[in-house]
Structure formats: structure tokens, C-alpha cells
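> only geometry, no sequence info:
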DNA sequence: GAGATCGTCTGCAACGTTGTACACGACGAA
DNA sequence: TTCGTCGTGTACAACGTTGCAGACGATCTC
């Protein structure tokens, strides 16, 4: 084998290398790469052969520098360890790949400081825009921002559309209504001694936190069924994990032994609560009915299968990407808010109607 | 408010803009940004103020073009919908963020063609290297490659270290031994009528597929306990999901009603199998003991909690990143293989010893 | 007091790519 | 024949950044 064939990984080939081999200008190579029509067929194939021979790939960095666009979008979510977010991320990646865009994933589990860094445009300018699910940062912070540093779409639950910074949009899930639907479902199935379990995750004042909105929905439903919302226990947990749900169930049963329905802030907590109820000898849904939130894949395989709220992730992701791309392409209008739909999925953890 | 303060998102500020305000050369601004020591204190603060005023952020594309490095690494895995991979991705992101690197996520659920595209360096040159968990592509394909297109570290289970392409490394999990450990555990607890459930995911000839290696371990353990490996049923499923595990359990019980132990290819299948066994009125671990593989978070909260094999993800991720960064920094040695450790986590789905 | 050394700062070139402008020959229409 | 048009290809400049070489004045050394 001639030594020239031993193509070691040195400097990657550039347009110039290809141009030299095909004996054309680099611009012609560029034209071929981009399917520019006015290239003679014979030239085109000669260039394509040279590209194949060198293994040439366009260098994104140079394209971005020249054209100002990279086709990269950043997705910033708290943590992929929550199946809600990992499923969301996958949906997002699929949708973005389908549109020819690449996804950079940034997780902000370290908290508020990291979220603020996202808003401040990170340390270096990288992609064309960001889709951001904030947890710690609330409206107060956003309201005070003059303008976002790059095209931004917020997703999530606990922002009010009134205070979005200029240059951003928002896809929300109507938490209050969704939780009201879940609660109403328990009430319609005859349960009366309900409790709510959720985490208080924001450091901003509470009313618009994710849990705050869900609690609001919980209380609205009780009120509409002529029950006193003030008397229904709200169990606050430290985090959204299964372990928290389990312990919350223990504490709730200790304080309210005759509990017969549990509305949980997410599926993980609900699944933990199932375990916690079992620990205390309660049957589900016989003694206590349970509803979750998210319709994570585990919900279907829980024992019993979990009744839950299913937000339309596909809708959410598509809407977010649509608006982000519009912003990237220069749209400068006022912030927009879109509400993604949801539905109640009834399974075995709530009694038959 | 003076109109100049209404900093609309136009062209992002560059070194030149900052330099003009601070009345220095752009090179000096660059020096300040990079903490170059020989800058007078007064100059430094003046520049820093100008940076703050403009909101300047270095533009990665230009840096990359100039220096040849981006600090971006790509992680290519099949799908974040498997909690094994989403947890792995999160571990990876944390570790990479800790080392000042950014992660691009690419998922290859579409199959072999997409995996080959990863190996071929994608359509555009983007990051500095890639960490790749192949599923469809096997050794035959890799063995025939002259050289990888960019620094590459494979992770996973079903490659043999003999055939890695030059320029790549490999962090493997010793599947065969791990599954043998899991199987031995069931045998030591007195079970004798065991079956294995797993998916056949590769299109390459089977022996070194992920399932193939696990089956090998399964059989080795049987052999060592004086049982005939040929008589133990192997239940093949289409995919690694819960639903597959459930159906597999149904089929297995139909064919082998006296089954008393189940070794599953991953936790999802095992969790599905738990549901399938319950469907058929079997108790776990009373009638049938079950072991999984991965120690996904759900395993702990299954009913009963799942005994499973826990691969050391932290180790895996660190080793992969170490080797990748060495390659990026110019290491040109022969392919290396590192084996990540694992342990058996005993929980309620297998009987007491 | 002359030369060497140090600290501070700057100008130039180049990384790989693409938009614009234009050159050149061939062909069609007047 | 002449002018305009079309198809094909090229030269040049610029995107924002950083390594290198060196300018310039101040300080040190003998």
C-alpha cells in the first residue's frame, strides 16, 4: 500500500485541498457543496470525486463566522435524571434533527446561578438561540431584564406571560387547569379527603411557582365541589423525586389517617407515594386514590398503573422550535405566549367511575 | 431614557466594539479576556468596564476557526427515552461541564445509517471529538475502517477490543461477567429453572451483540453450576422496552409454567416482566425471582424492588472523557480498551439467601 | 551613560468559508 | 455584424479571533 494512502488524521481537509485535486477554484468547490446550479456536469462530478477522496466536510465554525448562523440551538433544562425532561429532550432532539438543526444540551441542576448564566448568554456565544425551562428564576428577575441576549423561548409552567423580556417567547402548560382536572376527577369518583403533594422549587415569592399554580388548581376544584380548600392538607417536599413522595405519604398518613385521595405534583412523587402508601398498608385505589402529573413512561407500569395528566410534549416542542426559529430569522415582535394542551389519562390508581 | 440605552438585539458586540470604547487595541481586549498578565491594572479595569457595558461575549466560532478547538464534544447514544442513556447523558454532561466543555447530543434511534453517519464524521465538522455508543454497527464495520474521522471513544458492550479503528478508544462493560454474576446469584439462592430475556439489536452476526454477550454469561453461570445451558430458554424480544418484557413473560410462562428465575437484559424489560408475571398470577420472588441490568432509578421503586446489576457510570464517563481529551490533545497511540466495573445490587425481587 | 532587560501595548496575518462582482466564451436576436 | 444574454467559473474581501513579532518607554546593570 503506497504511503500516501495511509491517510493519518492530521489537519482535516479544507476547500483548498479539494480544489487543488479537482483543479478548480475553492469557490467552485463551495458551489458544488451547496448545489449551486450553474456548474457543468463534468466539473461537478470531478469535484465530488475529490470530496470523496479527501473525506472533506465543511467546517461549521468557518461557515458560522462567515454567515452568522450555525444551525445550533441550545436546550437548557434542569436535569435529564427526571424522565419528564429526558423525554422532552429526546422529543426536542428528534424535532430539531428533522429540521436540520443540532442540539446542545445544558443542564442547570446547580440552581439559580446557572440559570442566570443561561439568560446572560452563557460565557461564550455559541448557538443561534436557546430554549430554556427555568425552575429557580422567576418573573421578578425576567421582568427586570431589558432584552434577552439571544433568541429565547421559555418553556414550562410558572411564568406569567405579562413579564417576558423583549425578544423572548413562552410555551406554557396550564398547570392550574390541569391540576384542577386531576382533582375534579378524584372528586367525581367520590373521594372527599384529598391532599396535595409537591415541591417548592423557586426562590422567588411563591404564588407563581410551579407548585403554587398546581395548588391553586387543586383548591379551585375543591371549591367548585363545595369543599373547604383551606382544610385540605398541602404536603411540601424538598425535591421532585420518588423518595420525597414516599416520605410525604408517610407523613400525610400519620397526620391524616383517613385520607382517601392524593394529588401529586409529578409522576415521580406519585410513584413514591404508591410505595409509601403500601408501606403503611393502604391499598390503591381502594383506600387511597392517586393521580400524578406528566405521564412519564413509568406511570403505565406502576402497580397499579398511574392515572395522570399528560401534557402534549409534541405540541410543546414544535411550538417552541417554531417560535425560536422565527426569532432567529429576524422576527422582532413582542413576546408571545402559547399554551400547550393536556389530557387526563385514567388508569388503575383511581377507582372506576 | 436616552435612545442609546435601548440596546436592541442587533449585531452582537465584538472585540472591536469593546476596544473602541476602552480606547485600546482589540488585541489588548483579547488579552484582558484571557487574563494575560502583562496588562496595567488601570487598563484592565477600563477594558472590563467596557466589556460589561457592551455585554460582550467571545464568539466561539471565531475562536474555533483561529485556534482549531471548540471545547465541544458530541455524545451519540441511541435514545434518551431509555433511562439508562438519559442518566448516562446527565452524568456525561455534568462531568463535561465540570471540565469546561460543552456537550452536543446526537441520538441515533433511527438505526444503522445514522450510526454510520456518526462514524463518518457527520455532515459537518463540529466539535472536537465524539463519544459514541453504537448499537447497530458492529465490529465488522469498524474493522474495515482505515481511521476514524475525528477523535472517538466508543462506549458500550458489544465490541471486542481487537478491531477498533486507529484513532479510537473503548470503554466497555463486561457484560458477560456481569450477567454471569446475576445468574449465579439466582442459582445460589436455589433457583434452577432459569430463563433469559433480551433483545437482538444488532444486524451484524450475533455472537458479539450486547445480548449475545449476556447470553454467554448466562450460560457460563449455568454451566458452572452443573446445569445444561442448552436447556435454558432464551426469550428474544423486539426492543428493550417494558412492553417487550411484559409480553416475554407471558410467552415464557405459557411455554414453561414451572419457571422460577428470570435474568433480564435490562431493567426496563425486567420491570415489564414483573408486570407480566403479575398478570399471570405469579408472585415475585416467591414463584419467580427476577434480576435486571442497569440499576435504573425505577428499579428501586419497583414492586418488589428490583435486584439488578449496577455498572459504574461515573467510572465509565470519566474514563471515556479522559481518553477522548487525550486524543483531542494529540495522543496518537494504538486503540485502548478500559473495562468499567459493576456490582450486583440485591433487592426484593430475588429471595433471601 | 550605553546597553540590556522588562513591562505594556499594538499591527499584521491567518484560520475556512461565502457573497458580490466580474471575466470569459457561446449563443440568440436584431 | 453587433449587442445582449446566459452559462460557467474565478478573484477578492470580510466574518471575529489570536499567535507572533516587535515598538516604545522605563528601569536596571556595569
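All right, it came through fine. Quick caveat, the model's predicted, so the values are computed rather than measured. Residues are numbered from 1 along each chain as shown, chains lettered A, B, ... in the order given.

> so what's residue A:258 up against?
Residues in contact with residue A:258 (C-beta atoms under 8 Å, 6 or more residues apart in numbering or on different chains) are residue A:193. In this view, the C-beta of every residue, glycine as well, is placed from N, C-alpha and C.

> what secondary structure does it sit in?
coil (DSSP: H, G, I helix; E, B strand; the rest coil).

> next one: it from residue B:180, what distance?
In this view, residue A:258 and residue B:180 are 51 Å apart by C-beta to C-beta, to the nearest Å.

> check residue A:61 too.
Distance from residue A:61 to residue B:180, counting by C-beta to C-beta: 47 Å.

> neighbour count winner among those two?
The neighbour count for residue A:61 versus residue B:180, taken as other C-beta atoms under 10 Å in any protein chain shown, is higher for residue A:61 (25 against 22).

> number of residues surrounding the closest residue to residue A:46 other than its chain neighbours?
Nearest residue to residue A:46, sequence neighbours excluded (C-beta to C-beta, 6 or more residues apart in numbering or on different chains): residue A:22, at 4.9 Å. Look at residue A:22: counted by other C-beta under 10 Å, it has 23 neighbours.

> for residue A:22, give me phi and psi.
Per-residue torsions, residue A:22: phi -80, psi -10 (degrees, to the nearest 10).

> give me every residue that touches it.
Each residue near residue A:22 by C-beta under 8 Å, 6+ apart is listed here: A:28-29, A:43, A:46-47, A:49-50.

> and the furthest pair within those residues?
A:28 and A:49 (13.6 Å; C-beta to C-beta).

> quick check: which of the contacts of residue A:22 are also close to DNA strand D?
Near DNA strand D, taking C-beta under 7 Å from any atom of the strand as the test, the members of the contacts of residue A:22 found are A:28, A:43.

> got a markdown table for the contacts of residue A:22, with pLDDT and neighbour count too?
Shown next, in a markdown table, are these (pLDDT from 0 to 100; neighbours: other C-beta atoms under 10 Å in any protein chain shown):
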| residue | pLDDT | neighbour count |
| --- | --- | --- |
| A:28 | 95 | 21 |
| A:29 | 95 | 26 |
| A:43 | 92 | 16 |
| A:46 | 93 | 17 |
| A:47 | 93 | 24 |
| A:49 | 93 | 13 |
| A:50 | 93 | 21 |
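
> with secondary structure as extra columns, can I get the contacts of residue A:22 in TSV?
Formatted as TSV, those follow (three-state DSSP):
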residue	secondary structure
A:28	helix
A:29	helix
A:43	helix
A:46	helix
A:47	helix
A:49	helix
A:50	helix
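
> out of the contacts of residue A:22, who's nearest residue B:92?
For those, the nearest to residue B:92 is residue A:29 (36.0 Å; C-beta to C-beta).

> touching, that closest one and residue A:21? I think so.
No. Applying C-beta atoms under 8 Å as the test, residue A:29 and residue A:21 come out as separate, 9.5 Å apart.

> what's the overlap in contacts for these two?
Listed contacts common to residue A:29 and residue A:21 are residue A:50; contacts here mean C-beta under 8 Å, 6+ apart.

> and the stretch 1-150 of chain A, which of its residues are near DNA strand D?
Near DNA strand D, when you scan the stretch 1-150 of chain A using C-beta under 7 Å from any atom of the strand, you find A:24-25, A:27-28, A:31, A:37-40, A:42-44, A:62, A:65-66.

> by pLDDT, give me the weakest of those residues.
Ranked by pLDDT, those bottom out at residue A:37 (86).

> quick one: that residue and DNA strand C, what's the gap?
13 Å (C-beta to the nearest atom of the strand, to the nearest Å).

> tell me how many other residues crowd that residue.
When neighbours are counted by other C-beta under 10 Å, residue A:37 registers 5.

> ranges for the strands of chain A?
Per DSSP state E, chain A carries strands over the ranges A:72-77, A:102-107, A:129-132, A:152-156, A:168-173, A:194-199, A:234-237, A:261-264, A:289-293, A:307-311, A:337-340, A:342-345.

> can you redo those as TSV with distance to chain B, mean pLDDT and mean neighbour count?
Below are the strands of chain A laid out as TSV (distance: least, C-beta to the nearest C-beta, whole Å; pLDDT from 0 to 100; neighbours: other C-beta atoms under 10 Å in any protein chain shown):
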stretch	distance to chain B	mean pLDDT	mean neighbour count
strand A:72-77	8	95	24
strand A:102-107	5	92	22
strand A:129-132	11	95	24
strand A:152-156	10	93	25
strand A:168-173	10	93	24
strand A:194-199	15	92	25
strand A:234-237	15	91	19
strand A:261-264	14	96	30
strand A:289-293	13	96	28
strand A:307-311	15	95	24
strand A:337-340	19	94	16
strand A:342-345	16	94	17
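
> compare the ones you listed and give me the one nearest residue B:321.
Closest approach to residue B:321 among the strands of chain A (C-beta to C-beta): strand A:102-107, 15.4 Å.

> the closest one packs against which elements?
The helices and strands touching strand A:102-107, judged by 3 or more C-beta pairs under 8 Å, 6 or more residues apart in numbering or on different chains; DSSP states H and E, are strand A:72-77, helix A:83-98, helix B:83-98, strand B:102-107.

> how does it look with 6 Å?
Secondary-structure packing of strand A:102-107 (3 or more C-beta pairs under 6 Å, 6 or more residues apart in numbering or on different chains; DSSP states H and E): strand A:72-77, strand B:102-107.

> just the pLDDT for residue A:59.
Note for residue A:59: predicted pLDDT of 95.

> look up the residues forming beta bridges with residue A:105.
Beta-bridge partners of residue A:105, counted by DSSP bridges, are residue A:75, residue B:103.

> equivalent analysis for residue A:171, please.
When bridges are called by DSSP bridges, residue A:171 pairs up with residue A:155, residue A:338.

> from DNA strand D, how far off is it?
Note on residue A:171: its distance to DNA strand D, by C-beta to the nearest atom of the strand, is 31 Å.

> residue contacts, the residue in the stretch 1-150 of chain A that chain B sits nearest to?
Taking C-beta to the nearest C-beta, chain B has its nearest neighbour within the stretch 1-150 of chain A at residue A:86, 3.4 Å off. Residue A:86 is in contact with A:80, B:80, B:86, counting by C-beta atoms under 6 Å, 6 or more residues apart in numbering or on different chains.

> give me the number of residues near the closest residue to chain B within the stretch 251-353 of chain A?
Closest to chain B within the stretch 251-353 of chain A is residue A:303: 4.4 Å, counting by C-beta to the nearest C-beta. Counted by other C-beta under 10 Å, the residues lying close to residue A:303 total 19.

> re the thing from before, quick one: pLDDT of the residue of the stretch 1-150 of chain A closest to chain B?
Note on residue A:86: pLDDT of 94.
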